[in-house]
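Asks: Quick one: sequence and predicted model below, then my questions.
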Amino acid sequence: MALVPQSSSFDTREMSDYKLFKFKHFEINQNDLVFKVGTDAFVLGAWINTEKAPTQILDVGTGTGVLSLMMAQKFPNAKILAIDSNSNATQLAQLNFEQNDIGRNCRAVSFDFMKFDETQTYELIVSNPPYFLDSFIPKQTVLDEAKHLKSSDLILFFQKAAQLLSANGKLNMIFPVDARFESTAEEVGLFPERILHVYGKPGLLKRKCIQFGFERKEPQIESLTIRTSSGAYTEMYKKLTADFHGISL
């Protein structure tokens, strides 16, 4: 297995290149049957910040379990349920939970979120959802199809999230710059409280991280640029993710 050296987390190889990706306090096993760790999940997990530490967290579409482990590091007293419709993902996530001490309060279950039916509510729901909305779905692999989402499913997603959130609960997501994500959330009474504009390089807006809640108010807006024009990681990106990548700045 290839281990990412602590000193080269921001060098030439991407997170997805490693079968075992080493964070500061945990490690993630990866394989070709499950979406690998990427910048989207890394940014979202590092950016999430709640006024009150949640005790019940739901990770929707957990993949390798990386967001759950990031939440376990941030909120060590929380119980975290990680669900995914891909059984290969939940098996891998559970393996990652069991092989890391901070994963002791994490549990992975194979389940379709749209059919998820339970009475438990959550103070925090996190998700790195499919990002192609109403676009052509290539007939290739299960992972290719999993990147795509219909508008009709998007509203069901937000309806289910609203149902499972506690009264003061927060939904944190990352998605492309597409106003339909925000407008659909508002249709079910979820409103942006914090927004992070994520630029791949200066001037190139690629993603938005949004924290949704039930109260309509003026959102707090921030911005993050991941790489410089030359392709190096920016100091702001390193600072945001410092608790996880372990590099001295």
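Replies: Nice, I can see it. Keep in mind that this is a model prediction, so the values were computed, not measured.

Asks: The longest helix along the chain packs against which elements?
Replies: Under DSSP state H, the helix in the chain containing the largest number of residues is helix 151-164. Helices and strands touching helix 151-164, by 3 or more C-beta pairs under 8 Å, 6 or more residues apart in numbering; DSSP states H and E, are strand 122-127, helix 179-187. C-beta coordinates here come from the backbone N, C-alpha and C atoms, glycine included.

Asks: buried set for the helix or strand just after it?
Replies: Next in sequence after helix 151-164, counting helices and strands by DSSP states H and E, comes strand 165-176. Within strand 165-176, the residues that count as buried by 16 or more other C-beta atoms under 10 Å are L165, S166, G169, K170, L171, N172, M173, I174, F175.

Asks: Between all of these, which two are at the greatest distance?
Replies: Greatest spatial distance among those (C-beta to C-beta): S166 and F175, at 22.8 Å.

Asks: quick one, strands of the protein?
Replies: 20-22, 27-29, 56-60, 79-84, 106-110, 122-127, 132-133, 148-149, 165-176, 191-201, 204-213, 220-225 (DSSP state E).

Asks: Would you mind saying which of those lies nearest Q99?
Replies: Nearest of the strands of the chain (C-beta to C-beta): strand 27-29, 6.9 Å.

Asks: pLDDT of that closest one, averaged?
Replies: On average, the pLDDT along strand 27-29 is 94.

Asks: Need the residues that contact it.
Replies: 19-21, 37, 64-66, 69, 92, 95-96, 99-100 (C-beta atoms under 8 Å, 6 or more residues apart in numbering).

Asks: Name the spans of the chain whose pLDDT lies under the cut-off.
Replies: 1-18, 130-152, 246-249 (pLDDT under 70).

Asks: neighbours around the residue nearest to R216 when sequence neighbours are not counted, how many?
Replies: Spatial nearest neighbour of R216, chain neighbours left out: F191 (4.5 Å); criterion: C-beta to C-beta, 6 or more residues apart in numbering. Neighbour count for F191, taken as other C-beta atoms under 10 Å: 16.

Asks: Next up, the contacts around F191.
Replies: A185, F212, G213, F214, E215, R216, K217, P219.

Asks: Which residue, other than its chain neighbours, is closest to the last one?
Replies: With C-beta to C-beta, 6+ apart as the measure, P192 is the residue that lies nearest to P219, at 4.4 Å, once sequence neighbours are left out.

Asks: hang on, isn't that neighbour packed against F212?
Replies: Yes: P192 lies in contact with F212 (C-beta atoms under 8 Å); the separation is 6.0 Å.

Asks: So for the two, which residues contact both of them?
Replies: By C-beta under 8 Å, 6+ apart, the residues touching both P192 and F212 are A185.

Asks: So between these two, which is more surrounded?
Replies: F212 (28 against 21).

Asks: That one pairs with what?
Replies: Beta bridges link F212 to L171, P192 when assigned by DSSP bridges.

Asks: Roughly how far does it sit from V66?
Replies: As judged by C-beta to C-beta, to the nearest Å, F212 and V66 stand 21 Å apart.

Asks: go on, D84?
Replies: For D84, the distance to V66 - C-beta to C-beta - is 12 Å.

Asks: number of nearby residues for I48?
Replies: Quick note: I48 (other C-beta under 10 Å) scores 22 neighbours.

Asks: Nearest residue to it in space, please, no chain neighbours.
Replies: N172 (5.0 Å).
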